[in-house]
Each structure stands twice: as C-alpha cells, then as structure tokens.
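Chemist: Have a look at this prediction, sequence included:
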Amino acid sequence: MNAARSALLLSVAFVAPIWAENWPQWRGPKNDGVSSETGLPTEFGESKNLVWKLNLPGEGSSTPCVWGNKIFLTSADEMNATVGMCIGTDGKETWRVPLGKGGRAAKRDEGNTASPSPSTDGKHVWFFVGSGEVACVDFEGMEVWKFNAQERYGRFRNQYGMHSTPALYEGKLYFQLLHDGGQNVICVDAATGKDDWKIDRKSDGQAESLHSYASPFVWTNGKEALLITHGNDYTIAHDLKDGKEVWRVGDLNGKETKYSYAYRFVSSPVVTPEMIVIPTAKGGPVVAVKPSAHGKVNAESEYTIWRKKAGTPDVPSPLVHDGLVYIVRENGFFQCWDAKTGEEKYPSQRLHGGRYRASPVYADGKIYAVCRDGGYVSVIKAGPKFELLAENKLPDDIAASPAVADGRIYFRGYKALYAVGTK
C-alpha cells in the first residue's frame, strides 16, 4: 500500500507542471498576455464560480504574479503607505512587507503608487512602487535588498505618477524611467540590486511626450533577445549586454505634420517571436515590425510588416494569438486584425460602456476584457468572427490586468482580490 501511494505521489509530482502554469509577471509566462490554461469559466460573479474573495488593505492596480501556491501583489495599506503582499491560493494572507511611505493617488482615481506589477522567478519576488522603492524579497517575506530609484537615478517628474513595470529576464531587471527629469534605461542585477548599466535614451520628443507610463519588455525567439522600450515618440530595441540601440521605430508622432505635445505613451508593445506590435496614443497609429530590424524603422522600412494610421488603444496593451491581433480601446471598443496584414476581421464592437485600463488576456479559447468601472468582464470567443460569450460583473472597480494560473483567473480590484474558477 505504501509503495503504491509513493508511486502515485511521484506520478502526481511529475505530471503537475504539465497542466499547472504559473503567471510570473504582468503579462504572463511569455510576457504576451497568453495563457495555456484550460477549463476556465466563461460565466462568473459573486454567486457563480467565485472560489474566494479577499479584502485588501487599500487600493492598487498592480497585476498579481503567481507561482505555485503563492500570489504576490502591491497595495496601499490602512496608513496609506505601500506594501508588498503574499497571499496563498487558499485566499489567506501570508505576509506583507513595507515598501513606500505613501500611497499617493495619481490623476484622481486612475491609480496610485501600487500600480507597477511585481515579478517572480519562483524563489524571489521583485517589487517596484511609484514612490521609487525597488525591493527583492524571498518567498518567506525576508528582504534581500532594497533601494529607492528616485534617490539613485533622480526624482520622477511626470504628471500622473510612475506606473511602468520592470522586465525580469535571466537574472536581470530592466527599467525604463522616461520623464522630464531624465530619459534613462537601466539594467539591475536581480540578485544584488546593483546597476549593470545605465544609458541615456536619446529622443527629440517635447513637452508631455517625454512622459511614458508604458513598460519595457524583453523580446526573444529562444536564441536571441532584445530589450524593447517605449516612449518619447519612439519604440527602441536595445542590446541586453550594454543597452546599445539596435533599432528604433519612428513616425509615431507627426514631426513634419501636426506634432502632438501631449503624446504620452501608456499602452505597451506586445512581443511575439515573429513580430512586435506597437501602439501609440490618442487614437494614433499601430505598427507591426520585424524583430530582426536594424537602424531607423519608418513607415516605408522593409522591417515594417504593416502600419495602421489610427485605432491604437490609449491604455490597454494589444494581444496577439493564433494569427490575430486583438485591441481593447480605452472606451470599450473591441477590434480584431489579421496579424500578417493588419486587415480588419470585423467592424469594431462595443463592449460594456466605461473606461478600460486592463490589458486583455487570452486563455482557454477566450479573450477576457475588463472594464475599470464597475468590474464588468466581457468574455469574447477568440477567432476571426466576433462572438460575445458572456458579460460578467464583480463588485469592484478593476484597473489591473487579470492573472491566470492553475485553473483560476485572479482579478485584482481596488477593494479585493477575486479568485475565479471551477476548483
């Protein structure tokens, strides 16, 4: 009996990683908003497929990262400071650590210092908050190192707070800090918190266009890798070793025609092995480029796959899956384009009315799109024909993107964390 039980436990331990997927960073396992999880519910709410709900100590819009039975997020607390939290997948808080001294709101109700999302490698978790604190903490909540980015790199000078999430890749943390006080791209050793390199990111942007609220990403095809930064009128690819510029995409803000002085980027690019889809701002262009580009990439470049003159999301980031690009506009219009040509697959469809801040997520053949106002979650069937499968509601306002792990979807609201699933 003991031998049979041991064999069963061994088989479970071997099989588990195949079906259970972690969500280690803002946009998931491959940094593209795509999950391989299946069996996720289409319909859910307070009385249906809600596994648990945990009230949080304060507001925040950081997307949780999930590893095994641990969920990590940032939040304002009862004293309006900013904390890092660990919550078990059973819905119980495990620990919290102090990070910043203030949970300052940004642009009225659009966010606070708990906006950048944490990342994990399964042994440590890295937090970055809008007041500038960067911290590495182990899975027991013990601090490994900590520093303040404003003290190290200069005061953040932008209108609406710091919301950019660092990119974690192969033992390095990559930051883009783009604002009036500096245009810096930085590589930090994730084990020690010491700088590997720091560069001045050159641009001819002006006024509010200097401010970027987007996040950097690491593009990889499994053999090569590039750091992608986005802001100040350009998307730029950098060499991971030293930050040297490899290529930059221009013609995103009309230099020769009608320049916009308030063209701050919020929506971030999405990276796939074959292409990078680049949003802009204020209804402007969306561009798809080849990662193999070199030098300056303009509208006529051989490295431009396609370019749409209008239709960008202003806040949510694009999603690419199975040859299709999905766009959720900030006002709730849903768009679907062919990834190879940019051709519209069907006319824009209106989802629930309200503001959309979360980036869409693909899982189990469905697209999950979250309305910030009122916690409405539209579930759309993935594919070249529009089909709205369900419109759900959670009792909260939700600006954070969903996280999907081990058969559940986690929604981080301003008031609570919600675990949705069938198990």
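Modeler: Here it is on my side, so go on. Numbers count the residues shown, from 1 in each chain.
Chemist: Just the pLDDT for residue 20.
Modeler: Looking at residue 20, its pLDDT reads 73.
Chemist: should've said residue 268
Modeler: 98.
Chemist: Confirm for me that it is in contact with residue 319.
Modeler: No. Using C-beta atoms under 8 Å, residue 268 is not in contact with residue 319; the gap is 11.5 Å. The way it works is simple: take the backbone N, C-alpha and C, and place the C-beta from them, glycine included.
Chemist: what do those two both touch?
Modeler: Residues within reach of residue 268 and of residue 319 at once, by C-beta atoms under 8 Å, 6 or more residues apart in numbering, are residue 359.
Chemist: which of the two has more neighbours?
Modeler: Between residue 268 and residue 319, counted using other C-beta atoms under 10 Å, the more crowded position is residue 268 (30 against 25).
Chemist: Next one: that one relative to residue 32, how far apart?
Modeler: 11 Å (C-beta to C-beta, to the nearest Å).
Chemist: any shared contact partners between those two?
Modeler: In contact with both residue 268 and residue 32: no residue, using C-beta under 8 Å, 6+ apart.
Chemist: Number of residues surrounding residue 141?
Modeler: Residue 141: 14 neighbours (other C-beta under 10 Å).
Chemist: hang on, residue 62 is in a strand, isn't it?
Modeler: No. With DSSP: H, G, I helix; E, B strand; the rest coil as the criterion, residue 62 is located in coil rather than a strand.
Chemist: So it is in contact with residue 410, correct?
Modeler: No. The pair residue 62 and residue 410 does not pass the contact test of C-beta under 8 Å, sitting 11.7 Å apart.
Chemist: Tell me which of those two has more neighbours.
Modeler: The residue with more neighbours, out of residue 62 and residue 410 and counting by other C-beta under 10 Å, is residue 62; that gives 31 against 24.
Chemist: Could you list which residues are in contact with that one?
Modeler: Contacts of residue 62 (C-beta under 8 Å, 6+ apart): 73, 74, 75, 114, 115, 116, 117, 118, 165, 400, 412.
Chemist: Redo those as TSV? Include pLDDT and distance to residue 357.
Modeler: Below are those laid out as TSV (pLDDT from 0 to 100; distance: C-beta to C-beta, whole Å):
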residue	pLDDT	distance to residue 357
73	97	16
74	97	16
75	95	17
114	92	14
115	94	10
116	96	14
117	98	13
118	98	18
165	97	14
400	97	8
412	98	12
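Chemist: out of the residues you listed, what pair is the most spread apart?
Modeler: Spatially, the most separated pair among those is 75 and 165, at 15.3 Å (C-beta to C-beta).
Chemist: pLDDT weak spots in the stretch 201-350 of the chain?
Modeler: Across the stretch 201-350 of the chain, the ranges flagged by pLDDT under 70 are 255-257.
Chemist: Strands along that one, start to end?
Modeler: Counting by DSSP state E, counting those that start in this stretch, the stretch 201-350 of the chain has strands at residues 217-220, 225-231, 234-238, 245-249, 270-271, 276-278, 286-289, 295-297, 304-308, 319-321, 324-328, 333-338, 344-350.
Chemist: Take these and lay them out in TSV including distance to residue 391.
Modeler: Shown next, in TSV, are the strands of the stretch 201-350 of the chain (distance: least, C-beta to C-beta, whole Å):
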stretch	distance to residue 391
strand 217-220	30
strand 225-231	31
strand 234-238	34
strand 245-249	36
strand 270-271	25
strand 276-278	26
strand 286-289	26
strand 295-297	39
strand 304-308	27
strand 319-321	19
strand 324-328	14
strand 333-338	12
strand 344-350	12
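Chemist: Which one of those strands lies nearest to residue 150?
Modeler: strand 225-231 (17.9 Å).
Chemist: Can you give me the buried ones in the closest one?
Modeler: If you call a residue buried by 16 or more other C-beta atoms under 10 Å, then strand 225-231 has these buried ones: 226, 227, 228, 229, 230, 231.
Chemist: burial measure for residue 202, as a count.
Modeler: Residue 202 - counted by other C-beta under 10 Å - has 11 other residues nearby.
Chemist: How about it: what's its closest non-neighbour residue?
Modeler: residue 183 (7.4 Å; C-beta to C-beta, 6 or more residues apart in numbering).
Chemist: Need the max-distance pair from the buried residues of strand 225-231.
Modeler: 226 and 231 (16.2 Å).
Chemist: got a list of what the residue positioned nearest the centre of the chain touches?
Modeler: Nearest residue to the geometric centre of the chain (C-alpha atoms, centre = their mean): residue 26, 3.9 Å. By C-beta under 8 Å, 6+ apart, the contact list for residue 26 reads 63, 65, 117, 119, 165, 215, 401.
Chemist: Quick check, pLDDT for it.
Modeler: 97.
Chemist: separation between it and residue 119?
Modeler: 7 Å.
Chemist: what is in contact with these two at once?
Modeler: Common neighbours of residue 26 and residue 119 (C-beta under 8 Å, 6+ apart) are 65, 165.
Chemist: follow-up on the earlier one: take the contacts of residue 26 and write them to a markdown table, including secondary structure and distance to residue 96.
Modeler: Listed next are these as a markdown table, based on DSSP: H, G, I helix; E, B strand; the rest coil; distance: C-beta to C-beta, whole Å:
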| residue | secondary structure | distance to residue 96 |
| --- | --- | --- |
| 63 | coil | 18 |
| 65 | strand | 15 |
| 117 | coil | 16 |
| 119 | strand | 18 |
| 165 | coil | 20 |
| 215 | coil | 24 |
| 401 | coil | 22 |
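Chemist: Redo those residues as TSV? Include neighbour count and distance to residue 343.
Modeler: Output for these, formatted as TSV (neighbours: other C-beta atoms under 10 Å; distance: C-beta to C-beta, whole Å):
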residue	neighbour count	distance to residue 343
63	29	31
65	26	35
117	28	33
119	23	35
165	25	31
215	28	28
401	25	27
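Chemist: all helices of this protein, in order?
Modeler: 2-19, 149-153 (DSSP state H).
Chemist: Now the weakest link among the ones you listed, please, by mean pLDDT.
Modeler: Among the helices of the chain, helix 2-19 scores lowest, with a mean of 39.
Chemist: buried sites along stretch 199-216?
Modeler: 199, 201, 203, 205, 208-216.
Chemist: these two touch, right, residue 208 and residue 261?
Modeler: Yes. Counting by C-beta under 8 Å, residue 208 touches residue 261, with 6.1 Å between them.
Chemist: per-residue pLDDT, the closest residue to residue 192 other than its chain neighbours?
Modeler: Excluding the flanking residues, the one nearest residue 192 by C-beta to C-beta, 6+ apart is residue 145, at 6.4 Å. Looking at residue 145, its pLDDT stands at 98.
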